[in-house]
Structures are given as C-alpha cells and as structure tokens.
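Novice: what follows is a predicted structure for the sequence shown.
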Amino acid sequence: MSLHIENEAARCLNCKVPQCQKGCPIHTPIPQIIGLFKEQKIMEAGKLLYENNPLSYICATVCDHGSQCYGHCVLGKKGTPVQFFEIEKFISDTYLARMTYDRKPSTGKSVGVIGCGPAGMTAAIVLARNGYDVTIFESKDMIGGMTQYGIPEFRLGHPVFVRYKKLLLSLGIRVRPNTTIGGALKIEDLFRDGYAAIFVGTGAWRPRTLNIQGESLAHVHYGISYLENPSHHDLGAHVVIIGMGNVAMDVARTAFRGGAQTVTLVSNSLHATASEHEMDYTRLDGAEFVYGKSVTRITEEGPLFRSVIFNDEGEAVGFEDDETLMPATSVVIAVSQMPKDKLIQSTYHLEGNDKGLLVVDDNYMTTREGVFAAGDVVTGPKTVVHAVDGAKKAAEAIMRYIEQNG
Ligand SMILES: Cc1cc2nc3c(=O)[nH]c(=O)nc-3n(C[C@H](O)[C@H](O)[C@H](O)COP(=O)(O)OP(=O)(O)OC[C@H]3O[C@@H](n4cnc5c(N)ncnc54)[C@H](O)[C@@H]3O)c2cc1C
Ligand code: SF4
C-alpha cells in the first residue's frame, strides 16, 4: 500500500495549471499536497487538506473520483491518471487521529446548526474555529447524516464518526442528539434563546414515491429507509430494485451482503444515473441490470412492468401493451429523495421551491432573515463534497451577517 501511493505520487507532473484541482469541486491543492507527501511532511499535508476540507477523509473515501480529480488528471489523456484520492486517504486518515484545529478567541455569539450531516458538521467546524459558540441539533442519535445512515459500512467504515465526534467536541461544539427542530422545538425557539443566526443542513430524507398500486405492501421498501438499518429488514432471496442511481447500487450491494440470491435493478430509461464505478462494483457483486421497463403496479408476487418505446434519440415516446411480472420476494424503490417539510411548515417566512428545496440567496440566506442553509436541503440529493463546499461558503456568510448585525 505504502509503496503504491509513493509510486502514484512520483508519477505526478506537478502541473502549473493542475487540471485535477480544477476538477475537484472543493479545489483541493493537489500538487502541493503531493509535494509535501513526497517530502514525507505528512502532518503539514494533513493540515492543508483539513484547512480546505474538514471532511477530507470521507471525501477521499467516497467521492466520485472518476468525474473529479482522477477524471481530470492530465496523465489520463494518454495513460493512467494519478490516484490522488489514495494519497489523500492515507494522509487524512493518519492526520485525523492526531489533529487539532486552532480556535480564535470567543466572539460571545452563538449559532444554532440544524442537522449533523456533512453540511452541518462543516458549518459548525468553520464557525467554532472562528470563535462562535455552536450547538448542533440532530434528529438521529449519531452524527454523519447520510454518510452514517445511507452509505453502507463496507464503503465507509463507521469508526470514522467516533473520530469526527471527538473533533467536534474538541472545538467546544455541543451536539443535542435525538432533537428534531420543527417538532417540539422550532426555529423561533432558537432565536428566542439567543442564537444570533441559524444554519440549516437537514438534507433530503423523504423518499420519492411512485404513486402506484401496491406501494404500501409489506415487502416493499424505500432505498434510504432500508439502508438506514438493513439488518432490520428481511428482503428474502430475490430482490427487485426500481431505480438505477447510486442509492440503488448501495441497496443492491447491501442486499447481497444480507443474503439475497438475486438482485435485479430496473430502469425506465436506457441509461443508469449511477456512477460507472458504483455500477461496476454492483455488477461484480452479481446484480443484473434491466433497461427500458416502467413499473405499473406491485403485487405480492413482485412488480409488473411494461416496455418503454424509445425514438432514435433514445427519448421515451410511449409504451408497449405488454405487462410482465418480475417475481420478487421484496421490492425496493430507489428513485431519489427530497427534503422533509417540517421546517418549512413550522417556520414563519421560510420558503421552499416546487421541489421542496429551501430557497437561498447568493449569501446562502433563506427567505427567513438570519437563517442560512446549504447541502442537499438546498441542492437536492448531491454529494458530500458539494455539501461541504456549500456549507463552508454559508458559514462565511453567517459570520459576515453577524458582524454587520451586531
Ligand atoms: C445511500 C446513499 C449513498 C451515497 N453515497 C455517496 C457517495 O458515495 N459519495 C458522495 O459524495 N455522496 C454520497 N451520497 C450523498 C451524500 O451522502 C449527501 O449528499 C450528503 O450527506 C449531504 O449532506 P447534508 O449535510 O446536506 O445532508 P445529510 O447528510 O442528509 O444530513 C442531514 C442531517 O440533518 C438531520 N436532520 C434532518 N432534519 C432535521 C431536523 N428537522 N432537525 C434536526 N436534524 C435534522 C438528519 O438526521 C441528518 O443527520 C449518498 C447518499 C445516499 C443516500
Ligand atoms: S493533473 Fe495529474 S499530473 Fe498534473 S498535478 Fe494533477 S495529479 Fe499531478
């Protein structure tokens, strides 16, 4: 392993205009990190990584590198790109256990953070480092959001969250678990109790439904509900998954690890939305992919599909008259997620768009003065690195807002 990442680092050309860095949504200073790594300055490299991205380890592990740093590396034009993410993973793993963040003197101001996923954790870290007292309110009992409750353990080991919890506490950040804002406590209560601003990073936790007959049967589940606690579900031997995005891939791979004999993923289009990397692994696990089939209803025996008719451009233009049963012991629907509407319903002036996403201005402020938001609750289901990037910018905007408003 160590030899491999050293070889990778040695291949880097230290480009003047590093395309890898351009391709990274959070612009990790890749050549600089590789330079420090080559000089064996691991702690310096780690510091630089975590200054730029507090979730460096998680991103190194789960980002879609093929479309980001790796996919943009100039060496990929004629050969094999540098696997920077393996170098980042090594450094950020080593550094995370030993790191301390410095913290500015207290501003005497406090900020409430709703949600402890990537966006909430990032905003909290940035604000705490700048001298703000931060309290995080989290619905679940553990931190991490979808990285803890969605991404399967075999892709991102859970011990990392113990280290992140320690990091949050070391910065004086307080976490109130099992506390849903918009339930007993509302945003107005937080303002009443003196929080100068509020950051919302509540993600997208409502599964999109198909609105078809049979969706409420006992052997039908939603992808994120299943992934939240797979061992509580008994999917049986033959699983059919409706949807072909990244969540569907995680459902398939988890189902195999739970004992499923066959897993079939069905898409109503001619393409999958999952990344190539995730699909490759799902295929290797033994899943089958079926394209161009639209589910009509679900019965106790399994879902029924009709064939979609496509034109030459691959656009769906109609359906065949057929209706075929795909026998299944369970059916998992994984066709995307949207935010829950608890906060919008319970907060005066907080508005969402037609997709239920919070509306924000250029400064990440929602339609409710003093309430800021970033991550999936604003963008819709996206990625960890995009949530981190948005939350960093929102935290900066919060600090400007508090400075201007006293
Ligand atoms: C199965 C699955 C696999 C994925 N795989 C990848 C991957 O490989 N790579 C990648 O980059 N991204 C992946 N993602 C996407 C990534 O996890 C999300 O984009 C990211 O976690 C979004 O961060 P967030 O902080 O905006 O929201 P979340 O991670 O959803 O966190 C929101 C937090 O807010 C809490 N919350 C919600 N409402 C309230 C409330 N009212 N009060 C208090 N707390 C509340 C939730 O409990 C949660 O902890 C995956 C997502 C899923 C579902
Ligand atoms: S593009 Fe590739 S070779 Fe160039 S600096 Fe980035 S990792 Fe190194």
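Specialist: Done, it's in. Ligands and ions are numbered 1, 2, ... in the order given.

Novice: contacts and neighbour counts: CA atoms only from here.
Specialist: Fine.

Novice: list the buried residues in the strand of greatest length in the chain.
Specialist: Ranked by residue count and defined by DSSP state E, the top strand of the chain is strand 302-310. Across strand 302-310, burial judged by 16 or more other CA atoms under 10 Å covers 302-308.

Novice: list the helices and strands the helix or strand just after that strand packs on?
Specialist: Downstream of strand 302-310, the next assigned helix or strand under DSSP states H and E is strand 316-319. Judged by 3 or more CA pairs under 8 Å, 6 or more residues apart in numbering; DSSP states H and E, the packing partners of strand 316-319 are strand 302-310.

Novice: each with direction, which strands does the strand it packs on pair with?
Specialist: Its sheet considered, strand 302-310 pairs with strand 293-299 (antiparallel), strand 316-319 (antiparallel), strand 324-325 (antiparallel) by DSSP bridges.

Novice: if we can go back for a sec, and the buried residues of strand 302-310, which is closest to ligand 2?
Specialist: Val308 (41.9 Å; CA to the nearest ligand atom).

Novice: contacting residues for the closest one?
Specialist: 268-269, 292-294, 316-320 (CA atoms under 8 Å, 6 or more residues apart in numbering).

Novice: tell me how far it lies from ligand 1.
Specialist: As judged by CA to the nearest ligand atom, to the nearest Å, Val308 and ligand 1 stand 27 Å apart.

Novice: quick one: that residue from Gly286, how far?
Specialist: Look at Val308 and Gly286: by CA to CA, to the nearest Å, they are 25 Å apart.

Novice: now swap in Ile58 and tell me
Specialist: 27 Å.

Novice: flag every buried residue along the longest helix seen in the chain.
Specialist: Looking across the chain with DSSP state H, the single longest helix is helix 384-405. Using 16+ other CA under 10 Å as the test for burial, helix 384-405 gives 384-399, 401.

Novice: right, and Glu288 touches Arg253 too?
Specialist: No. The pair Glu288 and Arg253 does not pass the contact test of CA atoms under 8 Å, sitting 11.6 Å apart.

Novice: more neighbours: which of those two?
Specialist: Arg253 (22 against 15; other CA atoms under 10 Å).

Novice: so who does Pro54 touch?
Specialist: 122, 125, 388.

Novice: check which helix or strand Gly172 maps to.
Specialist: Going by DSSP H and E, Gly172 is not in any helix or strand.

Novice: separation between it and Lys166?
Specialist: From Gly172 to Lys166 the distance is 10 Å (CA to CA).

Novice: I'd like to know how many residues surround Asp354.
Specialist: 8.

Novice: so it, which of the three states?
Specialist: coil (DSSP: H, G, I helix; E, B strand; the rest coil).

Novice: can I assume Val111 sits in a strand?
Specialist: Yes. Applying three-state DSSP, one finds Val111 inside a strand.

Novice: ok, it to Asp133 distance?
Specialist: Counting by CA to CA, the gap from Val111 to Asp133 is 6 Å.

Novice: among the buried residues of helix 384-405, which are within reach of ligand 1?
Specialist: 384-385, 387 (CA under 6 Å from any ligand atom).

Novice: and Met43, what does it touch?
Specialist: Per CA under 8 Å, 6+ apart, neighbours of Met43: 91, 95.

Novice: got any residues that touch both of Val111 and Asp133?
Specialist: Common neighbours of Val111 and Asp133 (CA under 8 Å, 6+ apart) are Leu127.

Novice: quick one, which of those two is more surrounded?
Specialist: Per other CA under 10 Å, whichever of Val111 and Asp133 has more neighbours is Val111, with 26 against 21.
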